[in-house]
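> any chance you can model this:
(one chain, ligands or ions: 1)
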Amino acid sequence: MMITVDPERCYGSGDCVYRAPHVFTTVDGFGAVREGREAADDDPKVREAAEGCPSQAISIAGRD
Ligand code: SF4
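Next comes the predicted model:
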């Protein structure tokens, strides 16, 4: 399972970075998954970040 940020949806609120800075960062003002952290989907902070993304831009593949 992989964590991804849809650049078409993300508007750079930064909420994901606030909630899980060890996994998310910003690139050019938009949310992004840190290199090497794409498979950290079992981290509750990642799920919290995905659920809290105001534009629903964060996906965890294989998740309902
Ligand atoms: S919380 Fe969502 S909209 Fe905000 S920076 Fe992260 S991915 Fe983008």
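> what's the helix or strand for the nearest residue to Val5 once chain neighbours are set aside?
Using C-beta to C-beta, 6 or more residues apart in numbering and skipping residues adjacent in sequence, the residue nearest Val5 is Gly31, 4.9 Å away. Using the backbone N, CA and C atoms, a C-beta is placed for each residue, glycine as well. Per DSSP states H and E, Gly31 falls inside strand 30-33.
> convert the C-alpha atoms of whichever helix or strand comes after that strand to CSV, please.
Under the assignment DSSP H and E, the closest C-terminal helix or strand after strand 30-33 is helix 44-52. The C-alpha trace of helix 44-52 is given here as CSV (Å, rounded to 0.1, in the frame of the first residue of the first chain):
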residue,chain,number,x,y,z
PRO,A,44,-2.0,6.3,12.7
LYS,A,45,-0.7,9.8,12.1
VAL,A,46,-0.7,9.2,8.4
ARG,A,47,-4.3,8.0,8.5
GLU,A,48,-5.2,11.1,10.6
ALA,A,49,-3.5,13.3,8.0
ALA,A,50,-5.4,11.7,5.2
GLU,A,51,-8.7,12.0,7.0
GLY,A,52,-7.9,15.6,7.9
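> helix 44-52: what's the following helix or strand?
strand 58-60.
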